[in-house]
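Asks: I need the structure of the sequence given here:
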Amino acid sequence: MTTLYGLAKYFSEHDNYEIITHNYPDGDTLGSGFALCLGLQQIGKKARVITTSFPSKFRYLEIGVEKQEFEAETIIAVDVANESLLGVNTEKYKNIIDVCIDHHGSNSVYAKEKYVDRQAAANCEIIYRLLQRMNVRITRNIADCLFTGVSTDTGCFRYSNTTSETMRIAADLMEYGCSFAYINKVMFETKTKEKIQLERAVLDTITYAADGQCALIYTTLDMMKSLNIGDDEMEGLASIPRQIEGVRIGITMREKEENVYKISVRTNGNLNASDFCSRFGGGGHPAAAGCTIKGEFDFVRKLLISAAELALK
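Replies: So this is what the prediction gives:
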């Protein structure tokens, strides 16, 4: 395990960086990637960010990034806890990652250099401290990237992972001129008509178990097709079950391909979502984690409900 100063030295000695983000990218992986990319370009390095998809609401993160052509020499993974989270890029990058920077305690990525801080509420907190050690000037564009990750991974500073350090970093980014009001509005207060349709359909799928302490929702390929909705609208659904009064474990089943379900788990209280998902080969944070399960719909739903009932005993 290296140090931030060690990483800063490493970045000064290498070049031609390809920064990879996790599948179905959120604000933290994208914010981390583009902030680091901007920082590397500022100190004279060549860098680019690789994503499997790019929700339109995050397009502002690209502002100021120079499009550069080069042969990749150094591979960096940001906010990636497991190689399988690279999706279609898994085989391409597996076992060739040079640097992994993450905040998931369950991180199992193989990398030549690794820095994991499980105390960081967002990976962007780590990137902020790293850029300082690299003597990067925090521009408004970099601040916007970093604030996006910090805000989204803490639910706009509402989740229990928010720390005093999180708030100090957010305050610093505001002083650097980040567009905090715009970012929070786009991330938390703006929904497309399609997203409203999807949420309405999802609410009809709620199943309760364990005397109401568990709530499960789902989306299927048929639902997505009938609503004509893509991946851009899926973010945030996992928080719906946990918002219900009395629910201690909220589970979201999302059919990604036939009989393959991406599972998101959110917990309240002292239930550990990462431990729950580790039973199925996944992981994450104590209050937010995920995994993938293959099987028929009814089998997967019953499997998850049984596991939740056991965890709630």
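
Asks: in its sheet, what does the helix-or-strand element of the chain with minimal mean pLDDT sit against?
Replies: Least confident helix or strand of the chain, by mean pLDDT, DSSP states H and E, is strand 283-284 with a mean of 88. If you go by DSSP bridges, strand 283-284 pairs up with strand 288-294 (antiparallel).

Asks: can you list contacts of the partner strand?
Replies: Strand 288-294 is contacted from outside by 84, 106, 159, 238, 256, 259-267, 273-274, 276-278, 280-284, 300, 303-304, using CB atoms under 8 Å, 6 or more residues apart in numbering. (C-beta placed from N, C-alpha, C; glycine too.)

Asks: distance from the chain centre to that strand, please.
Replies: Put simply, strand 288-294 sits 13 Å off its chain's centre (CA atoms, centre = their mean, to the nearest Å).

Asks: same thing with stretch 132-142?
Replies: That offset, for stretch 132-142, works out to 22 Å (CA atoms, centre = their mean).

Asks: for it, buried residues please.
Replies: Neighbour counts using 16 or more other CB atoms under 10 Å place 134, 136, 138-139, 141-142 of stretch 132-142 among the buried residues.

Asks: show me the helices in the stretch 201-313 of the chain, by range?
Replies: In the stretch 201-313 of the chain, the helices defined using DSSP state H, counting those that start in this stretch lie at 221-227, 239-242, 273-278, 297-311.

Asks: hang on, the earlier thing: among the buried residues of stretch 132-142, which are located in helices?
Replies: 141-142 (DSSP state H).

Asks: redo the buried residues of stretch 132-142 as JSON lines? Include distance to Pro25.
Replies: Putting those into JSON lines (distance: CB to CB, whole Å) gives the following:
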{"residue": "Met134", "distance to Pro25": "23"}
{"residue": "Val136", "distance to Pro25": "22"}
{"residue": "Ile138", "distance to Pro25": "22"}
{"residue": "Thr139", "distance to Pro25": "22"}
{"residue": "Asn141", "distance to Pro25": "18"}
{"residue": "Ile142", "distance to Pro25": "18"}
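
Asks: now, the most widely separated pair of the buried residues of stretch 132-142?
Replies: Spatial extent of the buried residues of stretch 132-142 (CB to CB) is set by the pair Met134 and Asn141 at 16.0 Å.

Asks: please, where are all the strands along the protein?
Replies: For the chain, the strands defined by DSSP state E occupy 17-20, 47-50, 74-78, 99-102, 113-116, 207-209, 214-219, 249-257, 260-267, 283-284, 288-294.

Asks: over to the residue of the chain most remote from its centre: give its phi and psi.
Replies: Distance from the centre of the chain peaks at Asp211, with 30.7 Å (CA atoms, centre = their mean). Main-chain torsions, Asp211, degrees, to the nearest 10: phi 60, psi 40.

Asks: tell me who's in contact with it.
Replies: Residues near Asp211 by CB under 8 Å, 6+ apart: none.

Asks: if we can go back for a sec, of the contacts of strand 288-294, buried ones?
Replies: For those, buried by 16+ other CB under 10 Å: 84, 106, 159, 238, 256, 261-267, 273-274, 276-277, 280, 282-284, 300, 303-304.

Asks: having no further points to raise, I will conclude here.
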